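A.B. asks: for reference, the sequence and a predicted model appear below.
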Amino acid sequence: MLCSGFIIQECKTKSLPSLLRLFILAAIWGASFLFMRMAANSLGPAVLIELRVGFAAITLFIFAMYLRKQLAFTTHKKHFFIIGALNSALPFLLFAYAAQTINASTLSILNSTTPIWGAIVGIVWSKTKPTKSMLLGLLLGLTGVAILVGQNSLIIDTQAITAIVAALCASLSYAIASHYTKHAPKLSAFDNAHGSMWAASIMVLPLIFVIPAREIPSNEVMLGVVALGVLCTAVAYILFFRLIDDIGPTSALTVTFLIPLFGIVWGNLILDEQIGPNTLVGALCVIAGTMLVTGFIRIKPFLKRNTL
């Protein structure tokens, strides 16, 4: 999922290795929905996410030791708990809840609505005046979600609607986190990721006693959970930060458009999820809407004709 709340300086260098990292990152983040789908029903949302953020925190701690970076957790405790809640604990739990019902393909598409929610939060929070491109993007994004809701409501009844709402709320949480960081303490991206993972693991821990695992997980499920925490969270964040250093935040944001494509591919190849026309049309609308909202593509203003 997008680490949209972390601010990093832009660098202008573009290269083939950066493009390769972009696709690897999209493939990794697209796989996160596959692993959640595999484990959510046996572990339940709380245990699954506690393991995810726990493995991620330990992995980032190992990286911090290697890089000789000290984390001032107590100094910025309030900040880490806020960002840990909005950017990790809450959205991860909501996606894990949704993964019990809807497929990995749909989850990855709904995740890509984060920039669309970001535009809405910006309009409400910062009183940002929406452009024509932004408004069209919001309309396209909502249309895509409506198509997905219509598809799933026919297949899995009302449970799918609840799951889709949960996934959309997760994306909204990412968007709120992004706007919060504009007024938050200016820490390095790595420290934000590292500190927020420890904060998230502390917050989620009590929930495992309220929502315990339903069954003893298989070896396959546990391997998926380790991959989810280590690869799809810790390593993905580090890769994302490196990518922003290489090509800048605007170009790095294109990973948002690639994640649903990999989510659909992994779901089809590994979980044998069917790719129907509704999924493809819904994905296309959401991705196009996201591109418009983020300014990746713009509507050219119509030239006024001079009248004689």
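C.D. replies: That came through fine.
A.B. asks: in this structure, spot the helix with the most residues.
C.D. replies: Longest helix in the chain by number of residues (criterion: DSSP state H): helix 16-67.
A.B. asks: so which bits of stretch 129-146 are buried?
C.D. replies: Within stretch 129-146, the residues that qualify as buried are 133-134, 136-138, 140-141, 143-145, counting by 16 or more other C-beta atoms under 10 Å. Placement of C-beta: from N, CA and C, glycine included.
A.B. asks: I'd like those residues laid out as a markdown table, including pLDDT and distance to Ala56.
C.D. replies: Below are those laid out as a markdown table (pLDDT from 0 to 100; distance: C-beta to C-beta, whole Å):
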| residue | pLDDT | distance to Ala56 |
| --- | --- | --- |
| Ser133 | 86 | 35 |
| Met134 | 85 | 33 |
| Leu136 | 90 | 37 |
| Gly137 | 87 | 31 |
| Leu138 | 87 | 32 |
| Leu140 | 90 | 33 |
| Gly141 | 87 | 29 |
| Thr143 | 89 | 34 |
| Gly144 | 87 | 30 |
| Val145 | 85 | 28 |
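A.B. asks: give me the subset of the residues you listed lying in helices.
C.D. replies: Those of these lying in helices (DSSP H): 133-134, 136-138, 140-141, 143-145.
A.B. asks: farthest pair in the residues you listed?
C.D. replies: The distance between the two most remote of those (C-beta to C-beta) is 18.7 Å, for Ser133 and Val145.
A.B. asks: distance from the chain centre to stretch 209-228, please.
C.D. replies: Relative to its chain's centre, stretch 209-228 lies at 21 Å (C-alpha atoms, centre = their mean, to the nearest Å).
A.B. asks: nearest to Ile161 among the buried residues of stretch 129-146?
C.D. replies: Taking C-beta to C-beta as the measure, Ile161 lies nearest Val145 of the buried residues of stretch 129-146, at 11.2 Å.
A.B. asks: any idea how far the closest one lies from Thr290?
C.D. replies: Using C-beta to C-beta, to the nearest Å, Val145 is found at 12 Å from Thr290.
A.B. asks: who touches both of the two?
C.D. replies: Thr113 (C-beta atoms under 8 Å, 6 or more residues apart in numbering).
A.B. asks: which element, helix or strand, includes Leu93?
C.D. replies: For Leu93, the enclosing helix or strand under DSSP states H and E is helix 90-99.
A.B. asks: quick one, what contacts Ala56?
C.D. replies: 197, 229-230, 233-234, 237.
A.B. asks: can you pull the pLDDT of it?
C.D. replies: Per-residue pLDDT puts Ala56 at 97.
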